[in-house]
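S.K.: Model the structure of this input:
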Amino acid sequence: MKVANLPYVSIIVINYNGKHHLEKCLPSLRKLKYPSSRCQIIIVDNDSTDESVRFVEENFPDMHVTRLHKNYGWVGAANLIVKQAIGDNLAFLNNDITVDENWLIELVRVAESNGDIEICTSKKLVMDDPSALDGAGGAMNIIGQGWDREMLRRDVGQCEEIAEVTHPSGASFFMRRRAINCFGYVFDPDYFMYIDDLDLGWRTRLLGLKVVYVPKSVVFHKGGGSASCSPFTYYYFYRNMLVSFCKNLERSNLVKLFPLLLSNVVFTHLFAFISYKNTGYIVNISKIFVYMITTRKKIAEKRKQVQRLRKATDQQIFSLFSATIISPKTVVRAAIVYKSLVNLYLKILKIRGSREIKEVFTY
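M.R.: Purely as a prediction, here's the structure:
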């Protein structure tokens, strides 16, 4: 592609007390094979206390720093900065990422090849062990679990094809502004963290647009291979997942699947309690249910917006759903029994487009 024909991209790095990460991330961005005249680099700082802002200003004066007056979280910072970014196209990065020199040009090349593509996401490798995959685009299933495809597996060439996926990895993705203009935001502002990228991908696909994994766009993730399993993580993950299903499903499928989704919240937290012996998981169950009850009117309003804009059916959305469920290794036998119960439930309700769960992936 000729330089003049390359789209202008605003590269957005969201940071909180990550000076040690920026020391590797920002130099890698300077080596991009993408003309500096066709992009801007913005570091959004969530009121860090570790000299992150000073480090960027002194060492990378060509990059723009936006310092927020408090920690808005990943979601809040992203939603705020898109209003200031001048690019019609946006590329989001975690601060603990370093990028290959072809990272951006490969995302752009695929996005420009098809007008229906709204979001492109990268191959993630574990920074400390580049032979290990940290993700190859997003995957999710019908019971409300989401994860990165092939996470923690060896990279042996199994993810070298461009492919449609359910959602991008929030750690590294490119997007146009069409979905943002429709909904008024990138990520649901009430999510704070976790499932924001899954919800973005789902809403984008409901607009009839595509989310695509690009294997030649490579990043290295410091956080790779060390997913948190704390009650704090579980709370936001499963709360936000439940909200996403309530917003995005057709009414008939929501009525059918809601009991199954609630059971997943309960069983997943019970499995975690058995595995990690932390009562915080039990407390989470009531906290999630209380949240859903107290915010039901707000969720209903969001649902109205999503359903008004939808162009794709649930059957089309389900076509990319995984036939896998995930479970801690310590309760794999219970997870296998749960898988059978889920399949029985889906068979009885005859939900169009749903797939039989065939595999339990343990971590």
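S.K.: helix or strand for S28, which one?
M.R.: helix 19-30 (DSSP states H and E).
S.K.: Can you point out the buried residues in that helix?
M.R.: Across helix 19-30, burial judged by 16 or more other CB atoms under 10 Å covers 19, 21-22, 25-26, 28-29. For every residue, glycine as well, the C-beta is placed using N, CA and C.
S.K.: go on, stretch 61-74?
M.R.: 63-66, 68, 72-74.
S.K.: For those, give me TSV that also has secondary structure.
M.R.: Below are those laid out as TSV (DSSP: H, G, I helix; E, B strand; the rest coil):
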residue	secondary structure
M63	coil
H64	strand
V65	strand
T66	strand
L68	coil
Y72	coil
G73	helix
W74	helix
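S.K.: Compile those residues into a markdown table and extend it with columns for pLDDT and distance to L341.
M.R.: What follows is the buried residues of stretch 61-74, written out as a markdown table (pLDDT from 0 to 100; distance: CB to CB, whole Å):
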| residue | pLDDT | distance to L341 |
| --- | --- | --- |
| M63 | 97 | 52 |
| H64 | 97 | 52 |
| V65 | 97 | 51 |
| T66 | 97 | 49 |
| L68 | 97 | 45 |
| Y72 | 93 | 40 |
| G73 | 89 | 35 |
| W74 | 90 | 35 |
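S.K.: right, and the pair among those with maximum separation?
M.R.: M63 and G73 (21.8 Å; CB to CB).
S.K.: if we can go back for a sec, helix or strand right after the helix holding S28?
M.R.: strand 39-45.
S.K.: Show me what that next one pairs with in its sheet, parallel or antiparallel.
M.R.: Here strand 39-45 has these sheet partners by DSSP bridges: strand 9-15 (parallel), strand 64-67 (parallel).
S.K.: and of the ones you listed, who's closest to A136?
M.R.: Comparison of the strands paired with strand 39-45 against A136 by CB to CB identifies strand 9-15 as nearest, at 21.4 Å.
S.K.: relative to helix 19-30, how tilted is the closest one?
M.R.: Computed with axes from the mean of the first three to the mean of the last three CA atoms, to 10 degrees, the direction of strand 9-15 lies at 170 degrees from that of helix 19-30.
S.K.: Touching strand 9-15 from outside, list them.
M.R.: 21-22, 25-26, 29, 34, 38-46, 48, 52, 74, 77-78, 81-82, 85-87, 89-95, 104, 108, 174 (CB atoms under 8 Å, 6 or more residues apart in numbering).
S.K.: Tell me the pLDDT of R333.
M.R.: Note on R333: pLDDT of 89.
S.K.: name the element it belongs to?
M.R.: Here R333 sits within helix 332-349, counting by DSSP H and E.
S.K.: which residues of the stretch 51-200 of the chain fall in helices?
M.R.: Counting by DSSP state H, counting those that start in this stretch, one finds helices in the stretch 51-200 of the chain at the ranges 52-59, 73-81, 103-112, 178-183, 196-206.
S.K.: Dump these to JSON lines, plus distance to I326.
M.R.: JSON lines is the format used below for the helices of the stretch 51-200 of the chain (distance: least, CB to CB, whole Å):
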{"stretch": "helix 52-59", "distance to I326": "34"}
{"stretch": "helix 73-81", "distance to I326": "22"}
{"stretch": "helix 103-112", "distance to I326": "27"}
{"stretch": "helix 178-183", "distance to I326": "27"}
{"stretch": "helix 196-206", "distance to I326": "14"}
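S.K.: Which stretch among these approaches S122 most closely?
M.R.: Nearest of these (CB to CB): helix 103-112, 6.5 Å.
S.K.: can you pull the contacts of L32?
M.R.: 39, 99, 101, 103-105.
S.K.: burial count for the closest residue to T362 other than its chain neighbours?
M.R.: Distances taken as CB to CB, 6 or more residues apart in numbering put K329 closest to T362, at 4.3 Å, once the chain neighbours are dropped. Other residues near K329 number 9, with proximity taken as other CB atoms under 10 Å.
S.K.: so K329 makes contact with Y363?
M.R.: Yes. Using CB atoms under 8 Å, K329 is in contact with Y363, at 6.9 Å.
S.K.: any idea of the pLDDT on the closest residue to K124 other than its chain neighbours?
M.R.: Once flanking residues are discounted, K124 sits nearest to D134: 3.9 Å by CB to CB, 6+ apart. Note on D134: pLDDT of 95.
S.K.: Could you double-check that D134 lies in contact with D128?
M.R.: No. The pair D134 / D128 is not scored as a contact, 10.4 Å apart, by CB under 8 Å.
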